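Asker: Kindly return the folded structure for what I paste below:
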Amino acid sequence: MTKFDEATQAIRVDATTYDVCLDPGYAIGGPLNGGYLMAAVLRAVVDASPYEHPVSTAAQFLRAPRPGPARVRLEQLKAGRTAAMTRATLVQDDVSYIETLVTTATLGDGPSEWIGEPAVAMPAVEECLPLPSPKDESNMTFNAQIETRFDPPTIGWFTGMPTGRPESRAYFRMAEPQDPDPYVLAMAVDALPPVVFSAGARGWAPTVELTWHLRGLPVPGWLKVVGHGRLIRDGWFDEDVEIWDSAGNLVAQSRQLARLGRG
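Answerer: Here you go, the predicted model:
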């Protein structure tokens with residue numbers, strides 16, 4: 001079992017309750033990464049489901065949970081011949097922190113029947129750059145869990161040269177040897193800096209709602225994560241993300257609505 005598997009482990013208490021222990025190693029500026037939290041919730045949902053994969057997840061982030069013990073409470077809404085729908089709530093001290101609606105199914109490994117535009121072209125991994133380490137790494141523990149290599153223009157904001165467009169593009173993998181799976185994808189859709197940084201914004205940009213879809217089972221290797229925004233207005237912004245595996249397969253899609261950070 002890898003460190004990530006342990007950090008997202010869900011232990012069954014009964015048919016509708018799972019214990020989790022939220023790991024402080026996945027913090028970004030204090031709060032825990034939203035994708036990491038989704039992965040922990042999805043471990044419980046899939047374990048209780050007759051199906052193997054979380055194909056659609058809609059998460060409302062009500063408040064930021066602290067590291068430590070928590071519970072996932074499940075309510076099965078429907079179980080059919082091809083899919084099951086579950087409401088899952090992450091709870092600490094009887095307070096709800098994340099509400100999710102999750103559809104599970106079992107995906108195959110056959111080829112796509114149709115696909116639209118190919119992945120956005122990016123330089124080779126060797127030509128992409130790691131994000132420089134923050135001055136204070138004590139509350140940025142998430143950085144130690146992953147490896148990222150960014151398309152250089154999309155981290156120009158770090159040196160005061162943002163592109164002026166909400167965008168982010170990077171190669172992604174876990175820091176420890178681990179092939180990507182649906183739980184890694186759940187984290188990867190929320191792993192890059194907010195796209196508004198490239199538009200000139202700074203500061204914490206908390207996610208309010210995030211929906212993501214598992215579109216295929218990734219093959220081993222680097223993931224390509226491509227994000228962009230459509231509209232920044234009235235203190236809100238959206239962020240769309242596509243994830244492509246090392247064989248060029250589209251394996252995940254997401255959209256989130258977030259508050260504009262304050263530097």
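Asker: Report the residue spans of the stretch 151-263 of the chain with pLDDT below the cut-off.
Answerer: 261-263 (pLDDT under 70).
Asker: in it, which spans are strands?
Answerer: Using DSSP state E, counting those that start in this stretch, the strands found in the stretch 151-263 of the chain span residues 167-174, 207-214, 223-228, 232-233, 236-244, 250-259.
Asker: Listing partners with orientation, what would you give for the first one?
Answerer: Using DSSP bridges, strand 167-174 pairs in its sheet with strand 146-150 (antiparallel), strand 223-228 (antiparallel).
Asker: Pull out the buried positions in the shortest one.
Answerer: In terms of neighbour count (16 or more other CB atoms under 10 Å), strand 146-150 has its buried residues at 146, 147, 148, 149, 150. The C-beta positions use only the backbone N, C-alpha and C, and glycine is treated the same way.
Asker: ok, so of the residues you listed, who is nearest residue 177?
Answerer: Nearest to residue 177 among these is residue 147, at 10.9 Å by CB to CB.
Asker: so the closest one sits right up against residue 174, yeah?
Answerer: Yes: Residue 147 lies in contact with residue 174 (CB atoms under 8 Å); the separation is 7.3 Å.
Asker: picking up where we left off before, now the strands of the stretch 151-263 of the chain in a markdown table, please, with extra columns for distance to residue 42 and mean neighbour count.
Answerer: A markdown table is the format used below for the strands of the stretch 151-263 of the chain (distance: least, CB to CB, whole Å; neighbours: other CB atoms under 10 Å):
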| stretch | distance to residue 42 | mean neighbour count |
| --- | --- | --- |
| strand 167-174 | 16 | 22 |
| strand 207-214 | 10 | 20 |
| strand 223-228 | 17 | 22 |
| strand 232-233 | 29 | 12 |
| strand 236-244 | 15 | 21 |
| strand 250-259 | 12 | 20 |
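Asker: Could you point out which of those strands sits nearest residue 189?
Answerer: Smallest distance to residue 189 across those (CB to CB): 4.0 Å, for strand 250-259.
Asker: Is there a neighbour count for residue 127? I'd like the number.
Answerer: Using other CB atoms under 10 Å, residue 127 has 10 neighbouring residues.
Asker: Please apply the same query to residue 49.
Answerer: Residue 49: 23 surrounding residues under other CB under 10 Å.
Asker: Need the pLDDT of it.
Answerer: Residue 49 carries a pLDDT value of 98.
Asker: What sits closest to it if chain neighbours are left out?
Answerer: Nearest residue to residue 49, sequence neighbours excluded (CB to CB, 6 or more residues apart in numbering): residue 104, at 4.1 Å.
Asker: Can you give me every residue that contacts that neighbour?
Answerer: 45, 46, 49, 50, 51, 52, 53, 54, 55, 83, 84, 86 (CB atoms under 8 Å, 6 or more residues apart in numbering).
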